[in-house]
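[1] Pasting the sequence and the predicted coordinates here, then a few questions.
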Amino acid sequence: YYEEFREGLSSAIERLQKAGKLKKTIDPGATADSVLAAIDGIGVRATLDPEEWPAERQKSQLEAMLRAILPTR
């Protein structure tokens, strides 16, 4: 499952780079691994402390992380 998800994310990052929407210096594989790790971490936090980690906070945290590691042009 993880390898398939990682490959899909890597491919999406590469497509966005080719379209000029993401910097070419981003390593697609390493970035996909970071995204997967963040999703896992958010999931663990939400499972262990659901009152403090409702869906909106989970989405917000993921968006903040993605903006930081996926700089545009």
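    That came through, no problem.
[2] show me the biggest helix of this structure in terms of residues.
    If you go by DSSP state H, the chain has its longest helix at helix 28-48.
[3] Give the next helix or strand downstream of that helix.
    Downstream of helix 28-48, the first helix or strand assigned by DSSP states H and E is helix 55-69.
[4] list the buried ones in that next one?
    Gln61, Met65 (16 or more other Cβ atoms under 10 Å). No exception for glycine: its C-beta is placed from N, CA and C like everyone else's.
[5] Next: stretch 42-49.
    Ile42, Ala46.
[6] low-confidence ranges in the protein?
    73 (pLDDT under 70).
[7] hang on, isn't Tyr2 packed against Leu36?
    Yes. The pair Tyr2 and Leu36 passes the contact test of Cβ atoms under 8 Å, sitting 6.4 Å apart.
[8] quick one: which of the two has more around it?
    Ranked by neighbour count (other Cβ atoms under 10 Å), Tyr2 and Leu36 place Leu36 first, with 14 against 10.
[9] still on that earlier bit, check which helices and strands the longest helix of the chain is in contact with.
    On a contact count with 3 or more Cβ pairs under 8 Å, 6 or more residues apart in numbering; DSSP states H and E, helix 28-48 meets helix 2-18, helix 55-69.
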